[in-house]
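Participant: Turn this into a model:
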Amino acid sequence: MTWIILVSAGVLEIGFALSMKWSVGFTRLTPSLFAAAAGLSSVFLLSLALRALPVGTGYAVWTGIGAAGTAIFGMALLGDSASPARVLCIVFIVGGVIGLKLVSAN
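Facilitator: Purely as a prediction, here's the structure:
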């Protein structure tokens, strides 16, 4: 259950980052409200997951999901560069997240 909570926190982190982009510097109400809700929810779920996971593992997985997911959505939805080097770096992030899951005691 802890890992489901942590992955959910990471997904909310992606929503938070994308909402900040769409809020245009918090000048648009709906995306701004969603950014605030997603950000707070993400951190809250992370704090729940850290009750059972080591802080280094939990935080690294949370930021990894957020970073890789946001980069992928940026390429898919916002026209960010999808250069081979960028994609390779995202693969390394995902590999690191999977590696941390595999070596975690929980």
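Participant: State the phi and psi torsions of Phe26.
Facilitator: Main-chain torsions, Phe26, degrees, to the nearest 10: phi 60, psi 40.
Participant: what number of residues lie near it?
Facilitator: If you count neighbours by other CB atoms under 10 Å, Phe26 ends up with 13. (C-beta placed from N, C-alpha, C; glycine too.)
Participant: how about it, what does it touch?
Facilitator: Going by CB atoms under 8 Å, 6 or more residues apart in numbering, Phe26 touches Met20, Ser32, Ala35.
Participant: Go again with 10 Å.
Facilitator: Ser19, Met20, Ser32, Leu33, Ala35, Ala36 (CB atoms under 10 Å, 6 or more residues apart in numbering).
Participant: didn't Trp62 look like it was pressed against Leu50?
Facilitator: Yes. Between Trp62 and Leu50 a contact is recorded at 9.1 Å, counting by CB atoms under 10 Å.
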